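Peer 1: fold the following, please.
(2 chains)
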Amino acid sequence: MCASPLEFLRAGPPPPRVALLPDALFFSRTVPVLAEAAPAEGAEPPPSVASQVELALEALAPFPLAQLYYGSYWREGAASAVVFAAYRRRFTAEQTALWAGSELVVPTFAVLLGAEVAAATSLLLTLPESLTLVHWADGAMPTGLWVHPFAPEATEEERAQVRQTLLRAVESRQIIDLTEPPAPLPRRHDSEMVFRSGAVTFRLPAGVLAQLDIRDKAELAQLRRAQKRDVLLWRVATVCVLAMAALILGEVALFGGGLWLTARRTLLTARTPLVEQIIAAQEVANRINDLSTRRLLPIEMVQAVANPKVLPNSVRFLRATTDGLYTLQVEAETAQAGDIGVYKNNLDSMPSCASVTIKNPRMQDNKSTFNLVVVFKPGGLKPSAPPPAAPSS
Amino acid sequence: MIRTLRAFFLARLLREKILLVALAVILAGLWASSLSGRALHFWGERKHTQAALAQQAHWLNSRLRVQAAAQQAASGFDPAKTLDSTRLLAAIGAVANDAGLKNYTSGESQDVSNGQFSVHALQFSVSKVEWGALKAFYYGLQAHSPYIGIEQCAVARDRANTTLLDVSMKISSVEILHGP
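Peer 2: Model (predicted):
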């Protein structure tokens, strides 16, 4: 990592790890393939391109597939594919160990196949150990691939002669000369891998990359699964980071809300004395209003519920308390429990009563005690007139 | 920048990736839990404060109406006949004496005022009183209505003599401090 996190971020992502293997170790062929179009009704579907490639390799190679490192290059809709393979024993264990952690392991020429060129173009990659020629006849799929290895002691004349010989084999309107192997560029997205050599850019889509990689296919499938798992972990981490960004916004909003709430509470506190004055004034107004217009009539209430016409002889009052202007709560006892119901019915039939409720009836020492809540109708009771004064003697 | 971080993350060992993700999940979870708790508390406080402010606004808007209601209620009173706490106590004593009550006591006056009007209330208790004397006292008080009123009344049978009553009343009066 760079010296500081900022520099690390500014540096951008590193290029992907790609193992480019010497071209001379591979043999290559262009083989015809059937495109994976939808089969006609009743017809046998064509085998997949991968299967066709494996069948072609089995026919071409002197070794079984299990002893080969192989790959292929095929673009959607193309009628042919470039296949390439190498005998596994040509790579030492130390060499294959270096492939671990690589996103792509391919012969160098496999990258050249991704060049976007016009028809009748030849691309020459001249390296100290080999000369590679890729030719496109129609511009879509490479139609020829030749690799000529050089001995370490090969002279410039020999190299030039080989170059001329290879170029004579194809008809080229444009020849692109490359003198350095393609180098991977940092990936901007997962859908492709981009290489550059000199002024030429090679784009290899993700689907093509999977075909090109020469590693053991089971190992590759495992690698893809691990990559998917890693991407999933990355997405979970990204969601967490986004959630934390949202939480920061939440904290800011909560802080602002706290300031707003403090201001509201200050206003509430400032208004409280005035509001308390108004509430007190309202209470005074209510009580004055009650005194002037609505009178509590406790004696009339007691007289109403103790009227001999409604009160059974056995019922005795213990306590009577007013509750508001129209409610009387009575605690009473009787030696005959049946009289409680009679008494309630009598009170219910009184026109001045809005409701009668019997509560907590209980019995002790042959006496039944109960609470009675009588609610009178407003205006149901009239103030009784005081008895006339006795004449003075 | 995201691609850089992504490449950095993907280049880590699996256990480092799992550790980083676990840390991020735990941190986000704890933080979210804490924030949601505080947000809920804030929301409750906001609701409570808003309700209290709305209640205050209601009272402040009712200020003139309350004053008018008090003026209206007091308009039926003759200021000269209204009673302060001392006069209320004297009037109750006079009525009790006229009714023949003997064992009576009264509590301290509790006053509520809005600056223009006051309401004085005191607790009056009498024990061992006959029903007839109680009615006489009651009618005596009613004669002073609306200047004197009963706000609450409790009548209980005396434990020692079941023919007598123990009575407790909250009696109040209005005093007009300044003429309406």
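Peer 1: CA-only coordinates of stretch A:260-278 in CSV, if you can.
Peer 2: What follows is stretch A:260-278 as a C-alpha-only set of coordinates in CSV (Å, rounded to 0.1, in the frame of the first residue of the first chain):
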residue,chain,number,x,y,z
TRP,A,260,-34.9,22.3,17.4
LEU,A,261,-36.3,20.4,20.4
THR,A,262,-34.3,22.5,22.8
ALA,A,263,-35.7,25.7,21.2
ARG,A,264,-39.2,24.3,21.5
ARG,A,265,-38.7,23.4,25.1
THR,A,266,-37.4,26.9,25.8
LEU,A,267,-40.5,28.3,24.3
LEU,A,268,-42.6,25.9,26.3
THR,A,269,-40.9,26.9,29.6
ALA,A,270,-41.2,30.6,28.7
ARG,A,271,-45.0,30.3,28.1
THR,A,272,-45.7,28.1,31.1
PRO,A,273,-46.3,31.0,33.7
LEU,A,274,-48.7,32.8,31.4
VAL,A,275,-50.5,29.6,30.6
GLU,A,276,-50.8,28.7,34.2
GLN,A,277,-52.4,32.1,34.9
ILE,A,278,-54.9,31.4,32.1
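Peer 1: buried sites along it?
Peer 2: Buried positions in stretch A:260-278, judged by neighbour count with 16 or more other Cβ atoms under 10 Å in any protein chain shown: A:Leu261, A:Arg264, A:Leu268, A:Arg271, A:Val275, A:Ile278. Every residue, glycine included, has its C-beta placed from N, CA and C.
Peer 1: what does stretch A:13-21 give?
Peer 2: The neighbour-count criterion (16+ other Cβ under 10 Å) identifies A:Pro13, A:Pro15, A:Pro16, A:Val18, A:Ala19, A:Leu20, A:Leu21 as the buried residues of stretch A:13-21.
Peer 1: give me every residue that touches residue 27.
Peer 2: No chain in the question, so chain A it is. The contact partners of A:Phe27, by Cβ atoms under 8 Å, 6 or more residues apart in numbering or on different chains, come to A:Leu60, A:Ala61, A:Phe84, A:Ala85, A:Ala86.
Peer 1: wrong chain, I was asking about chain B
Peer 2: Shown in contact with B:Leu27 (Cβ under 8 Å, 6+ apart): A:Cys240, A:Met244.
Peer 1: so what are the domain limits for chain B?
Peer 2: Following automatic domain parsing, one finds the domains of chain B at B:2-59, B:77-176.
Peer 1: most neighbours per residue, which of the ones you listed?
Peer 2: Ranked by mean neighbour count, those are led by domain B:77-176 with a mean of 18 (mean count of other Cβ atoms under 10 Å in any protein chain shown).
Peer 1: that one - what's its average pLDDT?
Peer 2: Mean pLDDT, domain B:77-176: 89.
Peer 1: how long is that domain from one end to the other?
Peer 2: 8 Å (Cα to Cα, to the nearest Å).
Peer 1: same check on stretch A:290-306?
Peer 2: 26 Å.
Peer 1: who touches A:Thr83 in this structure?
Peer 2: Heads up, residue A:83 is Val, not Thr. A:Val83 makes contact with A:Ser28, A:Arg29, A:Thr30, A:Val31, A:Val53, A:Ala56, A:Leu57, A:Leu60, A:Tyr70, A:Gly71, A:Ser72, according to Cβ under 8 Å, 6+ apart.
Peer 1: which residues pair with it across the strands?
Peer 2: Assessed by DSSP bridges, A:Val83 has beta-bridge partners A:Arg29, A:Ser72.
Peer 1: that one and chain B: what is the separation?
Peer 2: From A:Val83 across to chain B, the span is 30 Å (Cβ to the nearest Cβ, to the nearest Å).
Peer 1: give me phi/psi at the residue nearest the centre of chain B?
Peer 2: When Cα atoms, centre = their mean is applied to chain B, the residue found nearest the centroid is B:Val112 (12.3 Å). Main-chain dihedrals, B:Val112, degrees, to the nearest 10: phi -130, psi 130.
Peer 1: among the contacts of A:Val83, who's most crowded?
Peer 2: Ranked by neighbour count (other Cβ atoms under 10 Å in any protein chain shown), the contacts of A:Val83 have A:Gly71 at the top, with 29 neighbours.
Peer 1: quick one: residues contacting that one.
Peer 2: Applying Cβ under 8 Å, 6+ apart, the residues contacting A:Gly71 are A:Val83, A:Phe84, A:Ala85, A:Val106, A:Pro107, A:Ala110, A:Gln211, A:Leu212, A:Asp213, A:Ile214.
Peer 1: picking up where we left off before, can you list the domains of chain B in a markdown table and add distance to A:Val162?
Peer 2: Shown next, in a markdown table, are the domains of chain B (distance: least, Cβ to Cβ, whole Å):
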| stretch | distance to A:Val162 |
| --- | --- |
| domain B:2-59 | 40 |
| domain B:77-176 | 115 |
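Peer 1: anything in stretch B:149-158 near chain A?
Peer 2: Yes. Counting by Cβ under 8 Å from any Cβ of the partner chain, contacts between stretch B:149-158 and chain A involve B:Gly149, B:Ile150, B:Glu151, B:Gln152, B:Cys153, B:Ala154, B:Val155, B:Ala156, B:Arg157.
Peer 1: so where's chain A uncertain?
Peer 2: By pLDDT under 70, the weakly predicted segments of chain A are A:1-3, A:35-47, A:386-393.
Peer 1: most centrally placed residue in it?
Peer 2: A:Val239 (6.6 Å).
Peer 1: which strand or helix spans that residue?
Peer 2: Following DSSP states H and E, one finds A:Val239 within helix A:217-293.
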